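Novice: Model the following, please.
(one chain, ligands or ions: 2)
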Amino acid sequence: MNKQEQDRRAHLLKMREERLPGIKKNFEELQKRNFNSNFAPGGKDEKLVKKPAKAAAKTTKKATKTAAKTAKAKAEKPDVTEAEKRKVNLSVSTKKGEMVHHQRMLSQDVNAQATQHIIGVPVNKSRYNGYKGAQVTNAQLKSARPDPEAVRIIPIGGLGEFGIGKNMTIIEYKGEIIVVDMGVLFAGDDYPGVNYMIPDIKYLEDNMANVKAILFTHAHLDHIGACRHLLPKFNPLTPIYGTDFTLGMIKKQMSELEDIPELNYCPVDPFKHEQIKVSEHFSVEFIHTLHSIPGNTAIVIRTPNGVIYLSGDWRHEEKPMGVQTDYERIDEIVKKEGITLMLNESTNIDSPGKHPHSEYDVGDNLGKVMDNYASGRIIVSCFSSQIGRIELVLKEAAERGRKVAFSGFSMINNLEVALRSKSIKVPKDTIMKMEDIIKLPDDKVTIVCTGSQGELNAVLNRMVTGAHKYIKIKSTDTIVFSSNPIPGNEPHVVNTVDGLLREGAQVIQNGKNHITNLGPLHLSGHAYYEDHVEFVTRLNPTNYMPYHGEFYMLEHNAEMAENVIGIPRDNIIISDDGDVVELTKDRKIRRNGRITVGNKLYDDADQQVHEAVIKDRIHISREGIFVIILTLSKKTGRLIKTPDIVSRAFIYLDNSEDLIGKIRHYLRTKTDKSVSTDPELKTLKEEIKEDITHILFDATGHTPIVIPVINKV
Ligand SMILES: [Zn+2]
Ligand SMILES: [Zn+2]
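Specialist: Ligands and ions are numbered 1, 2, ... in the order given. Predicted coordinates for the structure are as follows:
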């Protein structure tokens, strides 16, 4: 290296040393400007920034000073001072207390909505509660010792819930358990994204080895709908009893599983009056009773402490379509053995009188519809398990030379099981496939389909929207709702009816005879008040336990038993899911203790949904969600880019520039201040969450779920 070159390098080095502080400073300034360009002069949030340079300088100075004192200060009252230092003026007009109040009210609402079905120790001060109207205390529950000589009746689901469903009952004696029914409950609109719920069977899982038999009263989903989730949990050798149709429906459901379990199905013929000894102490007998599905039964359970009559679902008809309820056998048992305890369903206890008509009347009226609207297609919508109703449609259609096609997954499934178990009579050459029937003239076409409850994805609605593969509603069509809306479904049914009427079609709904001059077109499957009075009188039970119903139904059922039948109040118990009811050796009933019960929630993909997720969904549906993503420098702890803000189901960001500007300003100030006191990320997140919630509440009156995400790079 020559002298000239050496001099040149020395000069450059010197220059660099002289200019280095300047370059550093420029770099820092530049960085600051980039990080917060929105607040820089000309930036879109400029107006929100008050004297940024000075404020920043002050903070930095303070920071250096404080750093020296930190150790000492921390020892004295660290949190208050540090937190105070990080506090940012939020420039809000609402007090924090108002926001907290709003949040508390909101969380109360969300909890109330999300826990309608979840049972801890429910309030039950009914005079039939087994404690003479006093609420059971935790101390009483804790000190409850099971009577070793008592038969224990434990409802796991179906009592006192919001809606009717997930019926399941345990009968237990000296370490032997029998299980009756495994139903689902369809969640209402209050449970966003939840399709159905099933009983939590923890108690049975803990006592699996004791389960001697599983019995099913009938094949409605509120009695068998949980089978595919629950049956695989039991020992596959456990005998499963039910009628042919009921077991057929269960097998159909199980066949939807990927691994179909080999189970010990034991078909029962209720007309044989067989007393099946299912364990050392229990024998069971299935009794044929009328309801709205084939193969329906009640179950008589003989125990060392007397006979229990478990009604299942039932109705009374003077002139039934099929075989009459087996009153003869019931009377025989009542006379010879007596009923020590009757569990009686409560569904229609609020309906006065008796059933005013029979299923035959419904059939006649379906025929009249076909006569009155003879030139067009007839579309009958009913519950898919109403095999008797379907048989009537087939009969009336065949008599008029009409053909019948079926549509809807559950409709076709149920029909298959009914045909296989010989539960339906089908006239010759009447049933056709959908793709063939549409080629016939309209006056030969009858269609039976699902969707009578206004279900969005069911066949009827798909026909309305034009989404059905074969049928689009025409103005010459006549649609019959051979059903009543289940409470809660009314608005959906109205929606479907409106859609049909808009297409110009005729709609014939049950219960609107004054408009259509046709009806009745439906018959409820459950006994009315006077039917209950007659039947309970007939059974003359010593003890009485209403089941299968919401709380008011249980209460009204109990009142009937006391006031009309004359069963002493002390012999009647209204319990909730999980309550242990003991039938003692001296044939008395009493409540004694509780077991763990609850719900498992499932979405329409059969995946379990956690309760916490439901609460979040409800919260978000009401208030929205607000996500802030901050990128801080690992070295300096400062923001190195404008925070990303995501708002969903809350405010539309493009219309909220002022608010977003305010939030960005807050975030910049907050992170600047936090650098000086260097809080844990967790603390910083909490503080940001609270402040942002306050700013949002101040601007909108809502407190969305705020999620701060902090990345350090
Ligand atoms: Zn039923
Ligand atoms: Zn039922």
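Novice: all contacts plus neighbour counts: C-alpha atoms, from now on.
Specialist: Fine.
Novice: Lowest-scoring secondary structure element of this structure by mean pLDDT?
Specialist: helix 52-76 (a mean of 46; mean pLDDT, DSSP states H and E).
Novice: Contact partners for residue 593?
Specialist: With contacts defined as CA atoms under 8 Å, 6 or more residues apart in numbering, the neighbours of residue 593 are 140-142, 144-146, 579-580.
Novice: and the strand or helix carrying it, which strands flank it?
Specialist: Per DSSP states H and E, residue 593 falls inside strand 589-594. Applying DSSP bridges, strand 589-594 is found paired with strand 579-583 (antiparallel).
Novice: Show me the contact partners of the partner strand.
Specialist: By CA under 8 Å, 6+ apart, the list of residues contacting strand 579-583 reads 147, 150-155, 305, 575, 588-595.
Novice: Could you identify the buried members of those?
Specialist: Buried subset of the contacts of strand 579-583 (neighbour count, 16 or more other CA atoms under 10 Å): 150-155, 305, 575, 588-595.
Novice: Out of the residues you listed, the closest to residue 414 would be?
Specialist: Proximity of those to residue 414 (CA to CA) peaks at residue 155, which lies at 28.0 Å.
Novice: next one: phi and psi at the closest one?
Specialist: Dihedral pair for residue 155: phi -70, psi 130, per degrees, to the nearest 10.
Novice: could you list every residue that touches residue 301?
Specialist: Residue 301 makes contact with 282-285, 307-310, according to CA under 8 Å, 6+ apart.
Novice: Number of residues surrounding the nearest residue to it once chain neighbours are set aside?
Specialist: Distances taken as CA to CA, 6 or more residues apart in numbering put residue 284 closest to residue 301, at 4.5 Å, once the chain neighbours are dropped. Per other CA atoms under 10 Å, the neighbour tally for residue 284 reads 24.
Novice: isn't there a strand covering residue 284?
Specialist: Yes. If the criterion is DSSP: H, G, I helix; E, B strand; the rest coil, then residue 284 is within a strand.
Novice: doesn't residue 200 make contact with residue 184?
Specialist: No. The pair residue 184 / residue 200 is not scored as a contact, 11.0 Å apart, by CA atoms under 8 Å.
Novice: For those two, work out which one has more neighbours and name it.
Specialist: Counting neighbours by other CA under 10 Å for residue 184 and for residue 200 shows that residue 184 has the greater number, 29 against 17.
Novice: Let me see the confidence value for that one.
Specialist: Residue 184 is assigned 96 on the pLDDT scale.
Novice: Contact partners for it?
Specialist: Counting by CA under 8 Å, 6+ apart, residue 184 makes contact with 165-167, 196-199, 221-226.
Novice: Over to residue 340?
Specialist: 306-308, 541-543, 587.
Novice: Please apply the same query to residue 144.
Specialist: Going by CA under 8 Å, 6+ apart, residue 144 touches 592-593.
Novice: Return the members of the contacts of residue 593 classed as buried.
Specialist: Counted by 16+ other CA under 10 Å, the contacts of residue 593 give 141, 579-580 as buried.
Novice: do you know how far the residue nearest the centre of the chain is from residue 162?
Specialist: Centroid-nearest residue in the chain: residue 187, 3.1 Å away (criterion: CA atoms, centre = their mean). Distance, residue 187 to residue 162, by CA to CA, to the nearest Å: 9 Å.
Novice: Likewise for residue 261?
Specialist: For residue 261, the distance to residue 162 equals 32 Å [CA to CA].
Novice: Same question for residue 712.
Specialist: Residue 712 is 48 Å from residue 162, by CA to CA.
Novice: residues near residue 7, how many?
Specialist: Using other CA under 10 Å, residue 7 is surrounded by 11 other residues.
Novice: Residue 14 versus that one, what's the distance?
Specialist: Going from residue 7 to residue 14 by CA to CA gives 11 Å.
Novice: in which helix or strand would I find residue 669?
Specialist: Using DSSP H and E, residue 669 sits in helix 657-677.
Novice: That helix packs against which elements?
Specialist: With contacts taken as 3 or more CA pairs under 8 Å, 6 or more residues apart in numbering; DSSP states H and E, helix 657-677 sits against helix 52-76, helix 78-86, helix 681-700.
Novice: and the last one, what does it pack onto?
Specialist: The elements that helix 681-700 packs onto, with contact taken as 3+ CA pairs under 8 Å, 6+ apart, are helix 96-114, helix 657-677, strand 705-712.
Novice: Chain neighbours aside, what residue packs nearest to residue 553?
Specialist: Counting by CA to CA, 6+ apart, residue 553 lies nearest to residue 346, which is 5.5 Å off, once chain neighbours are set aside.
Novice: which ones are touching that neighbour?
Specialist: 546-549, 553-554, 557.
Novice: among the residues you listed, who's most crowded?
Specialist: residue 547 (33 neighbours).
Novice: how far away is the residue lying closest to that residue once chain neighbours are set aside from residue 625?
Specialist: Nearest residue to residue 547, sequence neighbours excluded (CA to CA, 6+ apart): residue 345, at 5.0 Å. Residue 345 sits 44 Å away from residue 625, going by CA to CA.
Novice: Can you name the helix or strand that residue 646 falls in?
Specialist: Using DSSP H and E, residue 646 sits in strand 644-648.
Novice: now that strand and helix 657-677, what's the angle there?
Specialist: 130 degrees (axes from the mean of the first three to the mean of the last three CA atoms, to 10 degrees).
Novice: What are the buried residues along strand 644-648?
Specialist: Neighbour-count burial for strand 644-648 [16+ other CA under 10 Å]: 647-648.
Novice: and it, which strands flank it?
Specialist: Strand 644-648 has the following strand partners under DSSP bridges: strand 625-632 (antiparallel).
Novice: In this structure residue 540 contacts residue 339, no?
Specialist: Yes. With contacts counted by CA under 8 Å, residue 540 reaches residue 339, the gap being 6.9 Å.
Novice: These two: who's more crowded?
Specialist: Between residue 540 and residue 339, counted using other CA under 10 Å, the more crowded position is residue 339 (23 against 20).
Novice: The more buried one belongs to a helix?
Specialist: No. Read with three-state DSSP, residue 339 is coil and lies in no helix.
Novice: what sits against it?
Specialist: 306-309, 333, 539-542.
Novice: Try it again at 10 Å.
Specialist: The neighbours of residue 339, taking CA atoms under 10 Å, 6 or more residues apart in numbering as the test, are 300-302, 306-309, 330, 333, 539-544.
Novice: returning to that earlier point: between residue 345 and residue 625, tell me which one has more neighbours.
Specialist: When neighbours are counted by other CA under 10 Å, residue 345 and residue 625 differ, and residue 345 comes out ahead with 25 against 20.
Novice: what's the spacing between the more buried one and residue 212?
Specialist: With CA to CA as the criterion, residue 345 and residue 212 are 24 Å apart.
Novice: pLDDT at residue 187, what is it?
Specialist: You'll see residue 187 listed with a pLDDT of 84.
Novice: how about the nearest residue to it, chain neighbours excluded?
Specialist: In space, and not counting its chain neighbours, residue 187 is closest to residue 196: 5.1 Å by CA to CA, 6+ apart.
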